[in-house]
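**Q** Provided below for reference: sequence and predicted model.
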Amino acid sequence: MTDIKLLAASEDHLEAIMVLEHVCFGNDSWLEETMRFELLADHTRYFVLLEEDKLLGYAGLSKIPGSEQADVQTVAVSPEFRGRGFGRKLMDRLLAEAKTLKATDIFLEVRADNLPAQNLYETLGFEHIDTRKRYYQPDNVDAWIMRARLAPSNKTEPIVLGIESSCDETGIGIVRGNTLLANVISSSMDQHARFGGVVPEIAARAHLEALQPTLNQALHDAKVSMQDIDAIAVTNGPGLAGALMVGVGAAKALAVASGKPIYAVNHLVGHVGVDVLEGDLELPTIALLVSGGHTSLLLVRDLLDDVTLLGETIDDAAGEAFDKVARLLGLSYPGGPAIDKAAASGDPKAIRFPRGLTLPKDMEKHRYDFSFSGLKTAVARWVEVAEAKGEDFSMADVAASFREAVADVLTAKAIAACNDHGIKRLLLGGGVVANARLRELASERCAANGIEMRIPALSLCTDNGAMIAALGAQLVMAGRAPSSLEFGVDSTLSVEMVQTV
Ligand code: KG4
Ligand code: ZN
């Protein structure tokens, strides 16, 4: 079930929608031109349900600005996928959207002879209020008009518990709306030190041991009990599969035992969403996420519905490069802080290390992608050669030059993304954001390009449960339906999939 996506529809989906439209509605199908207009109109909201790239269904509503009434325009599920709850998922999404648009009532029409659909709508709160005689031709079938009243949720600030276990941090966070109540982290980093990198099996075992005490501490810090929690959010990807499974298993157990709704959320989007805990998250924004596990450039137009991956590392993550280079220089793990410290007294211009994927030919195909493995090899070669020659080189210069190369590429590509898209905002996240030179260069280059830079507090940049809770709270406040308990983990979950429904 993990690869089912519910996304805002775009013109890219039009072709598949028209195919399904004909399958579902035959001669009553809309014309392609009408469908395109409805998909793109300002007063409509359309959504698609996809499995991989296959369209399972779509649905849309309209709401005229100024009116308090929303109308379901269409709900279609491919015949081979009926009876699996997909119609309900689409309807849940429409109801949430209608609430977001501040509609007080939502209407729909359904064939008088379509009992399964009527039953579904009734369980969603619709009632039969009127009948249009012989509305559906040529079969002479009546249309039922059904209406649901949309009570604005009176609880505007839900208390959400967030569970993060995608890598080596067991994070439990608790938020009330956009307010942070607790952020407790238990890291297994020390246990990985002698291996020079995170060992998945060790991380998973450590999560299992740390979860309960970390949860207790978070409840204690937030001064709440499990009864006060309105919803549970958990990372279900991307990350280490075994590690993710521990957090997801725990979250499901808590949800079942407490009867609370559960939201399966995307770790990477959590790194962006965490910014709501530090004031308004201004959108659209470009986001650069750099840690031991990921190096990604995102274009975020809407936190819950429109996150695009512009580029990512094609080999090592930036933090991983720091860890590997530190190891070959004989510095301690994690490598980032050790290199930062060593670099402080070095000359960043001493050695010109390569900047991955920045040659003109690479920039065509990989404009926003990163590569750090060549850089790591270049540092290793340089040290080997210097040692072979018996040269007395400066470790500080090597560290500073390496750090400069990483900071240069990261910031250059992030700024290019901002300029190319005309978005004068850059949000940084992930553990590598602690890097002194990266912060300095990013702030210099942002200032030079008129770009506003945001960096959440470091405790919110490194992996943590508060970011998962914060993203979960956004979903709850937007009226999104919880995830079904069938979701699994996905170590390569796409950033576009904010919530696994
Ligand atoms: O986000 P994070 O805490 O955990 C995950 O990777 O999931 O990031 C940890 C990474 C490590 O690779 C570490 O070496 C790197 O962030 N890091 C740094 C610095 N502090 C931590 N890298 C560069 N400079 C730093 N000061
Ligand atoms: Zn992370």
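**A** In hand now; what should we look at? Ligands and ions are numbered 1, 2, ... in the order given.
**Q** C-alpha from now on. contacts and neighbour counts both.
**A** Will do.
**Q** where do the strands sit along the stretch 151-300 of the chain?
**A** Remark: strands assigned in the stretch 151-300 of the chain by DSSP state E, counting those that start in this stretch are 159-164, 169-176, 179-187, 231-237, 262-266, 285-290, 295-302.
**Q** quick one: is the longest one near ligand 1?
**A** Spelled out, that is strand 179-187. No. Counting by CA under 6 Å from any ligand atom, ligand 1 is not contacted by strand 179-187; separation bottoms out at 9.1 Å.
**Q** of the strands of the stretch 151-300 of the chain, flag the one that's most buried.
**A** strand 159-164 (a mean of 32; mean count of other CA atoms under 10 Å).
**Q** between strand 262-266 and that one, find me the angle.
**A** 50 degrees (axes from the mean of the first three to the mean of the last three CA atoms, to 10 degrees).
**Q** so what strands line up beside strand 159-164?
**A** Here strand 159-164 is paired, per DSSP bridges, with strand 169-176 (antiparallel), strand 231-237 (parallel).
**Q** show me the shaky parts of this protein.
**A** 1-2, 152-155 (pLDDT under 70).
**Q** let's check: the centremost residue of it is which one?
**A** V269 (2.5 Å; CA atoms, centre = their mean).
**Q** ok, it - contacts?
**A** L303, V307, L471, V495, V498 (CA atoms under 8 Å, 6 or more residues apart in numbering).
**Q** again with D397
**A** D397 neighbours (CA under 8 Å, 6+ apart): A343, S345, G346, D347, P348, A350, I351.
**Q** next: D323.
**A** G196, G197, Y333, P334, G335, G336.
**Q** what sits opposite D71 in the beta ladder?
**A** Applying DSSP bridges, one finds that D71 bridges with S62, F107.
**Q** give me the number of residues near it?
**A** 20 (other CA atoms under 10 Å).
**Q** ok, now how distant is F126 from T74?
**A** With distances taken as CA to CA, to the nearest Å, F126 is found 15 Å from T74.
**Q** between these two, which one's more packed in?
**A** Each of F126 and T74 has its neighbours counted (other CA under 10 Å); F126 has more, 21 against 16.
**Q** what residues are up against the closest residue to the more buried one other than its chain neighbours?
**A** Spatially, and ignoring its direct neighbours in sequence, F126 is nearest to A148 (4.2 Å; CA to CA, 6 or more residues apart in numbering). Counting by CA under 8 Å, 6+ apart, A148 touches D105, I106, F107, L124, G125, F126, E127.
**Q** interface residues of the chain facing ligand 1?
**A** Proximity of the chain to ligand 1, by CA under 6 Å from any ligand atom, involves residues 167, 291-293, 319-320, 322-323, 334-337, 340, 430-432, 434-435, 462-463.
**Q** separate out the buried members of those.
**A** 167, 291-293, 319-320, 322-323, 334-337, 340, 430-432, 434-435, 462-463 (16 or more other CA atoms under 10 Å).
**Q** which members of the residues you listed are positioned in strands?
**A** Among those, no member is found in strands (DSSP state E).
**Q** of those, which belong to helices?
**A** Mapping those onto helices (DSSP state H) picks out G319, E320, F322, D323, G335, G336, P337, D340.
**Q** so which bits of the helix or strand V19 falls within are buried?
**A** For V19, the element it lies in under DSSP states H and E is helix 14-25. Neighbour-count burial for helix 14-25, counted by 16+ other CA under 10 Å, picks out L14, A16, I17, M18, L20, E21, C24.
**Q** just stretch 53-67 next, same as before
**A** L55, L56, G57, Y58, A59, G60, L61, S62, K63.
**Q** surely the first one and F47 touch.
**A** Read that as L55. No. Using CA atoms under 8 Å, L55 is not in contact with F47; the gap is 10.7 Å.
**Q** can you give me the neighbour number for the nearest residue to Q191 once chain neighbours are set aside?
**A** Computed as CA to CA, 6+ apart, the closest residue to Q191 that is not its neighbour in sequence is I202, at 7.5 Å. I202: 16 surrounding residues under other CA under 10 Å.
**Q** any idea how far I185 is from the residue in the stretch 101-250 of the chain that ligand 1 sits nearest to?
**A** Proximity to ligand 1, evaluated over the stretch 101-250 of the chain using CA to the nearest ligand atom, is greatest for C167 at 5.4 Å. Here C167 is placed at a distance of 12 Å from I185 (CA to CA).
**Q** before we move on, what about R205?
**A** With CA to CA as the criterion, R205 and I185 are 15 Å apart.
**Q** what ranges does the stretch 1-150 of the chain have for its strands?
**A** 4-8, 44-51, 54-63, 69-77, 105-111, 127-136, 141-149.
**Q** might you report the residue contacts of the residue of the stretch 101-250 of the chain closest to ligand 1?
**A** Applying CA under 8 Å, 6+ apart to C167 gives the contacts V198, P200, A203, G239, L240, A243, L244, G293.
**Q** most neighbours among these, which one?
**A** Neighbour max across the contacts of C167 (other CA under 10 Å) = A243, 29 neighbours.
**Q** can you tell me the closest non-neighbouring residue to that one?
**A** A204 (4.2 Å).
**Q** the one you found touches G239, doesn't it?
**A** No. The criterion here is CA under 8 Å, and A204 misses it with G239 at 11.3 Å.
**Q** list residues touching both of the two?
**A** Between them, A204 and G239 share no contacting residue, judged by CA under 8 Å, 6+ apart.
**Q** got a list of what L95 touches?
**A** L95 sits next to I106, L150 when contact means CA under 8 Å, 6+ apart.
**Q** 496 is where my numbering starts, stick with that
**A** That works, and once the first residue is 496, the last one we named lands at L590.
**Q** buried stuff in the longest helix that the chain contains?
**A** In the chain, with assignment by DSSP H, the single longest helix is helix 890-916. Using 16+ other CA under 10 Å as the test for burial, helix 890-916 gives 890-910, 912-914.
**Q** could you find the closest non-adjacent residue to the residue in the stretch 646-795 of the chain positioned nearest to ligand 1?
**A** As assessed by CA to the nearest ligand atom, ligand 1 sits closest to G787 within the stretch 646-795 of the chain, at 3.1 Å. Once flanking residues are discounted, G787 sits nearest to G814: 4.0 Å by CA to CA, 6+ apart.
**Q** isn't the one you found right up against V785?
**A** Yes. Using CA under 8 Å, G814 is in contact with V785, at 6.9 Å.
**Q** overlap in contacts, the two.
**A** By CA under 8 Å, 6+ apart, the residues touching both G814 and V785 are G926, V927.
**Q** now do R627 against A607, distance only.
**A** 9 Å.
**Q** give me the domain ranges for the chain.
**A** 499-644, 654-772+957-995, 777-951 (automatic domain parsing).
**Q** out of these, deepest packed?
**A** When these are compared using mean count of other CA under 10 Å, domain 654-772+957-995 is most buried, at a mean of 23.
**Q** show me the contacts for S661.
**A** Counted by CA under 8 Å, 6+ apart, S661 has contacts T730, N731, G732, P733, G734, L735, A736, A738, L739, G742, H762.
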